[in-house]
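S.K.: task: produce atomic coordinates for the following.
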Amino acid sequence: QVQLAESGGGLVHTGGSLRLSCAASGRSLDYYAIGWFRQAPGKEREGVSCITNSFGGTTYYADSVKGRFTISRDNAKNTVYLQMSSLKPEDTAVYYCVTGASWGHSICGYQYDYWGQGTQVTVSA
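M.R.: Presented below is the predicted three-dimensional model:
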């Protein structure tokens, strides 16, 4: 089993920055893809970004965040980060950290079996 704990959400003004963290426990994520989804009220869940395994892994960004968000992982800490800059009101959502080890049809070509509880990000106009 893998447990994921997100932190770093909050309230920020338009144009501001936040860094989300996701600490994993239970097993090493070296061979797992790990990423972030978000869901705003009344909207469908959106795959925001992901990074595949630790060994030269590739990254993915949704068009809506490309150039503004950066995903990274610290393997020693079993932690993934999402640096969010130039935030917009439309980035307001609950952000979920996810991870999985199996190929699938979701972002980065994986399926995500483990989800965190989510952290709220609110961007005021």
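S.K.: beta partners for Q120?
M.R.: With DSSP bridges as the criterion, Q120 is bridged to V94.
S.K.: all numbers from here: first residue = 463
M.R.: With 463 as the first residue, the last one maps to Q582.
S.K.: C570 belongs to a strand, doesn't it?
M.R.: No - under DSSP: H, G, I helix; E, B strand; the rest coil, C570 falls outside any strand and is assigned helix.
S.K.: let me see the contact set for it.
M.R.: Applying C-beta atoms under 8 Å, 6 or more residues apart in numbering to C570 gives the contacts A495, G497, C512, I513, T514, T520, T521, Y522. No exception for glycine: its C-beta is placed from N, CA and C like everyone else's.
S.K.: neighbouring strands of the helix or strand encompassing L482 in the sheet, and parallel or not?
M.R.: Assigned by DSSP states H and E, L482 belongs to strand 480-487. Each strand paired with strand 480-487, and its direction, by DSSP bridges: strand 465-469 (antiparallel), strand 541-546 (antiparallel).
S.K.: and those strands: which comes nearest G580?
M.R.: G580 sits nearest to strand 465-469 of all the strands paired with strand 480-487, at 6.5 Å, using C-beta to C-beta.
S.K.: buried set for the closest one?
M.R.: Neighbour counts using 16 or more other C-beta atoms under 10 Å place L466, E468 of strand 465-469 among the buried residues.
S.K.: please work out which residues outside that strand touch it.
M.R.: The contact list for strand 465-469 (C-beta under 8 Å, 6+ apart) reads 482-488, 557-561, 576-581.
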